[in-house]
Structure formats: C-alpha cells, structure tokens
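*Asks:* got a structure for you, letters missing:
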C-alpha cells in the first residue's frame, strides 16, 4: 500500500537512528516500528483488569483516623517494638 504520511521531526529522528543501528531501509524501519507499536497497543487493550478486595480491618475508638501523622507515628512505634 502506498500512502503519504506526515511524520513529526522527533519521530523521524528516532526512525533514522533505528535505520542506522539496525541497518534497515526507511521502509523496513517504519514498518517494523508501526508493527511493534500496533502489537503493543493491541496487547495492552486485552490486559486483564486487576481488582482488589477490601478487607475490613476494624476501627479502634481511641485512634484519630483524621490525623495521618499520629497514625504513622503509632505504626512506627509498633514496628520498632515488634523488631526487638
């Protein structure tokens, strides 16, 4: 198939680098790049969606869950006591 395509300057620069590095013609390098890009696009669209299940870890009445700094400090203290 013959067609006219306008390639951005940064893409042309990278394509020419690939041509030199792999000793390919412009046509070969372009087709290879397009194939690789399409494979990547089509593969990613079929990726399985990752889901997590929430786990109820309970609440403690004596903790202020709005103060993240206090919670982190408490967790750090708990970890340092557990390490001993």
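*Replies:* In hand now; what should we look at? All of these numbers come straight from a predicted model, not from anything done at the bench.
*Asks:* Quick one: residues in contact with the longest helix that the chain contains.
*Replies:* Using DSSP state H to assign secondary structure, the helix with the most residues in the chain is helix 26-45. Under the contact criterion Cβ atoms under 8 Å, 6 or more residues apart in numbering, helix 26-45 has outside partners 15, 18, 19, 22, 24. Backbone N, C-alpha and C define where each C-beta goes, glycine included.
*Asks:* Helices - which of those residues land there?
*Replies:* Using DSSP H, the subset of the contacts of helix 26-45 located in helices is 15, 18, 19, 22.
*Asks:* Name the nearest residue to the first one, ignoring sequence neighbours.
*Replies:* Ranked by Cβ to Cβ, 6 or more residues apart in numbering and with sequence neighbours excluded, the top spatial neighbour of residue 15 is residue 29, at 5.5 Å.
*Asks:* what number of residues lie near the one you found?
*Replies:* The burial count assigned to residue 29 is 20, neighbours taken as other Cβ atoms under 10 Å.
*Asks:* Put the buried members of the ones in helices among the contacts of helix 26-45 into a ChimeraX selection.
*Replies:* Here is the ChimeraX command that picks out the buried ones among the ones in helices among the contacts of helix 26-45, judged by 16 or more other Cβ atoms under 10 Å:
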select :15,18,19
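*Asks:* Looking at the ones in helices among the contacts of helix 26-45, which is nearest residue 77?
*Replies:* When the ones in helices among the contacts of helix 26-45 are ranked by distance to residue 77 (Cβ to Cβ), residue 18 comes first, at 55.0 Å.
*Asks:* you'd agree the closest one is up against residue 12?
*Replies:* No - under the criterion of Cβ atoms under 8 Å, residue 18 lies out of contact with residue 12, with a separation of 10.7 Å.
*Asks:* residues contacting residue 65?
*Replies:* 59, 71.
*Asks:* Quick check: phi and psi at it.
*Replies:* In this entry, residue 65 is assigned phi and psi values of phi -80, psi -10 (degrees, to the nearest 10).
*Asks:* Name the residues that touch the one helix or strand residue 79 maps to?
*Replies:* Using DSSP states H and E, the secondary-structure element containing residue 79 is helix 68-83. Outside of helix 68-83, the residues that reach it under the criterion Cβ under 8 Å, 6+ apart are 63, 64, 65.
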